[in-house]
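Undergrad: Provide a 3D model corresponding to the input given below.
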Amino acid sequence: MKFCEKVRAARVAAGLSQNRLAEMTGISLRTIQNYESGERLPKQRDTYLYLSKALNIDQGVLLDDNAEFILKAESEYGSKAGAQARQLVEEISGLYSGGELAEEDMDAMMKAIQDAYWIAKQNNRKYAGKKQ
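TA: The predicted model follows:
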């Protein structure tokens, strides 16, 4: 299940409107709408915490492999790498929009691309420095 689906399902299960969730978390209504529509992922780990507390669910439920990938890229290589990882996830996810590929195949493809990203970062570490 994707992040957008998890947030929407947890919000509905908790009986909250998008507006009420925004008030409880301090996240703007537009951002909540973007999360639920799949247009955007949280940029900071704290956002997952705020959402999980408001929705009364474990934070790990909201984190998926893509979110972990983005957060790890930012933590290890800086905000520029986090933005690049986010862009990579969004662009690769856009390739799936036709719906012809099975979800497990999409997940395997995303994992392979993320693995290639880490290999490239590791190989180029001596040129790029630790944080950019």
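Undergrad: tell me the contacts of the closest residue to Leu62 other than its chain neighbours?
TA: With sequence-adjacent residues excluded and distances taken as C-beta to C-beta, 6 or more residues apart in numbering, Leu62 is closest to Tyr48, at 5.0 Å. No exception for glycine: its C-beta is placed from N, CA and C like everyone else's. Tyr48 sits next to Pro42, Gln59, Leu62, Leu63, Ala67 when contact means C-beta atoms under 8 Å, 6 or more residues apart in numbering.
Undergrad: Tell me, what's the model's pLDDT at the spatially most central residue of the chain?
TA: With distances taken as C-alpha atoms, centre = their mean, Ala67 lies nearest the centre of the chain, 3.3 Å away. If you check Ala67, the pLDDT there is 81.
Undergrad: tell me the contacts of it?
TA: Phe3, Leu41, Pro42, Tyr48.
Undergrad: ok, then the element right after the host helix or strand of the residue nearest to Leu62?
TA: Remark: Tyr48 resides in helix 45-55, with elements defined by DSSP states H and E. Following helix 45-55 in sequence order, the next helix or strand is helix 59-62 (DSSP H and E).
Undergrad: What are the buried residues along that next one?
TA: Buried positions in helix 59-62, judged by neighbour count with 16 or more other C-beta atoms under 10 Å: Val61, Leu62.
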